[in-house]
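# Next come a sequence and a model predicted from it.
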Amino acid sequence: MKHKNTVRGLSAACLLAVPLALSGCGLFGSESAAVDPPPEEVEAQMLQMSGESTLDTGVFAPISGEDTVDTADSVDTADSGVTAETDGAAPADGERTTVFLEDGNGLLAPVSVSLPGSDEKSLLESSLAALVSKGEYAGALPDGFKGVLPAGTEVKSVSVDKEHLAVVEFNSVFNDYDPADERKILEAVTWTLTGLQDIQGVQLWVDGKKLTEMPLLGTPLDRPLTRSFGINLPKVGSLLMDSSAVTVYFSAATPDGTQQYYVPVTRFVPAGEQPVEAALNELITGPDKQYGLEMVMTQGTLLEGVESGPNGVVTVSLTDDMFADGSEVPEEMLESVVLTVAQNAGDAPVQIRLNGKDTVTGTNNVNYGQPVSAPDYVNELPL
């Protein structure tokens with residue numbers, strides 16, 4: 001079966017190995033505070049962007065034409081009755097995919113898991129079912145991560161049309177969520193599905209009726225949701241109407257502090273700024289009062305420039321006196337750059353220049369001075 005999550009050469013080896021030596025205190029420190037929903041006017045702006053965008057299909061999109069998906073006109077799973085059980089038993093190993101789960105800090109993170117899926121439609125079903133709290137796939141999720149859909153939610157049908165729009169129907173239990181989780185639920189479903197089968201937008205139904213707004217807080221759903229909707233939005237003010245959204249990847253530590261994983265965060269930048277440069281500058285600024293997120297750059301990191309070259313390779317030039325001697329660079333720092341660039345530059349491959357050197361070796365013994373693509377599977381954590 002061909003689907004969007006196909007391993008691409010170097011990427012798995014380059015970006016999936018997560019170091020065991022770092023502790024939960026972070027590479028260069030961390031900050032924490034609550035993540036609040038955006039103000040209503042910003043929410044409306046992002047929803048409008050969501051309906052207009054067709055470019056943001058995700059970090060996990062293929063780079064070369066040979067990796068594209070042979071998608072049928074429609075993938076229908078009507079009356080599939082994927083039911084959320086409470087026994088939490090882990091299923092047998094199946095197709096590997098990435099789903100967006102809530103971590104122990106209340107943030108959504110991509111997590112690579114093995115789920116049953118002999119074909120495209122069953123993989124869609126399984127991916128959505130993995131988002132159900134205390135669901136049948138709870139045992140397949142790493143410790144400290146959980147789904148955000150209400151326990152008992154069923155996936156009644158999923159279809160993907162010629163325009164790459166995924167139409168998802170849930171049972172009425174979907175409506176039984178905590179109002180505080182409304183946006184998080186939309187983000188988890190949207191970001192999970194837009195990482196599969198070249199899906200570019202998501203539309204929600206409940207028991208045969210199309211949702212035009214969410215039932216509790218009324219988030220409008222009059223247009224398909226895309227990744228332009230954002231994820232893990234920080235607390236923001238009301239002066240952001242003339243702003244653009246970019247998404248950056250910080251790191252966090254698993255509950256036992258032995259492994260790092262990557263968390264996407266949407267930031268607002270002044271309208272008109274070059275997206276990749278703006279995103280990288282936000283990455284350098286660091287996590288702004290985010291629960292459990294850690295600095296991946298040092299206080300001395302500077303962005304010298306971003307260039308797009310042959311074959312779409314994006315070259316990122318950085319300076320940092322801490323690594324002036326050519327020593328190995330923490331892979332979290334380098335991988336966060338790759339993930340951030342890929343998210344904001346159509347999944348372009350990335351090469352990094354540091355202090356003018358074209359050989360930049362990470363602590364994982366990978367040379368990021370050569371083009372490296374974002375991985376198909378992010379955060380492949382042990383159960």
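Great, that's in hand.

# hang on, Asp161 packs against Val167?
Yes: at 7.2 Å, Asp161 counts as touching Val167 under the criterion of Cβ atoms under 8 Å. From N, CA and C alone the C-beta is placed, and that goes for glycine too.

# from memory Ser243 sits against Arg267, does it?
No: assessed by Cβ under 8 Å, Ser243 is found out of contact with Arg267, at 9.4 Å.

# More neighbours: which of these two?
Taking other Cβ atoms under 10 Å, Ser243 and Arg267 do not tie; Arg267 has more neighbours (22 against 18).

# Is that one in a helix, a strand, or coil?
Under the three-state scheme (DSSP: H, G, I helix; E, B strand; the rest coil), Arg267 adopts strand.

# What is the burial count for Pro220?
For Pro220, using other Cβ under 10 Å, the count is 14.

# and it, what are its bridge partners?
Beta-bridge partners for Pro220, by DSSP bridges, are Glu213.

# gap between it and Gly292?
Here Pro220 is placed at a distance of 30 Å from Gly292 (Cβ to Cβ, to the nearest Å).

# that older thread, please say which of Asp161 and Val167 ends up with more neighbours.
It is Val167, of Asp161 and Val167, that has more neighbours when counted by other Cβ under 10 Å, with 18 against 15.

# distance of that one from Gln203?
5 Å.

# same deal with Asp161?
10 Å.

# okay, and for the stretch 251-383 of the chain, where does confidence drop off?
Applying pLDDT under 70 to the stretch 251-383 of the chain flags residues 289-290.

# need the helices for it, in chain order.
With DSSP state H, counting those that start in this stretch, the ranges of helices along the stretch 251-383 of the chain come out as 275-285, 331-344.

# which of these sits most buried?
The highest average neighbour count among the helices of the stretch 251-383 of the chain, using mean count of other Cβ atoms under 10 Å, belongs to helix 331-344 at a mean of 27.

# list the helices and strands that helix packs on?
helix 10-15, strand 243-253, strand 260-270, helix 275-285, strand 314-319, strand 350-354 (3 or more Cβ pairs under 8 Å, 6 or more residues apart in numbering; DSSP states H and E).

# Give me the distance between it and the centre of its chain.
12 Å (Cα atoms, centre = their mean, to the nearest Å).

# could you check the angle strand 314-319 makes with it?
Helix 331-344 and strand 314-319 meet at an angle of 140 degrees, taking axes from the mean of the first three to the mean of the last three Cα atoms, to 10 degrees as the criterion.

# wait, Gln260 sits on Ser251?
Yes: if you go by Cβ under 8 Å, Gln260 and Ser251 touch, sitting 4.7 Å apart.

# okay, now Pro382: neighbour count?
Pro382 sits with 9 neighbouring residues when counted by other Cβ under 10 Å.

# give me every residue that touches it.
142, 259 (Cβ atoms under 8 Å, 6 or more residues apart in numbering).

# thinking again about what came up before, need the helices of the stretch 251-383 of the chain in TSV (columns: distance to Phe229).
Formatted as TSV, the helices of the stretch 251-383 of the chain follow (distance: least, Cβ to Cβ, whole Å):
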stretch	distance to Phe229
helix 275-285	16
helix 331-344	14
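
# How about Asp358: what's its closest non-neighbour residue?
With sequence-adjacent residues excluded and distances taken as Cβ to Cβ, 6 or more residues apart in numbering, Asp358 is closest to Gly369, at 4.6 Å.

# give me every residue that touches that neighbour.
351-353, 357-361.

# Quick one: buried ones out of these?
Buried members of those, counted by 16 or more other Cβ atoms under 10 Å: 351-353, 360-361.

# Who does Val111 form a beta bridge with?
Val99.

# Check the contact between it and Leu383; I expect there is one.
No: in this structure Val111 lies outside contact range of Leu383 using Cβ under 8 Å: 10.7 Å.

# ok, and the closest non-adjacent residue to Leu354?
Val360 (4.7 Å).

# How about the contacts made by Asp242?
If you count contacts by Cβ under 8 Å, 6+ apart, Asp242 has them with 270-271.

# I'd like to know how far it sits from Arg267.
For Asp242, the distance to Arg267 - Cβ to Cβ - is 15 Å.

# Tell me how far Lys210 lies from Leu204.
Noted for Lys210: a distance of 8 Å to Leu204, by Cβ to Cβ.
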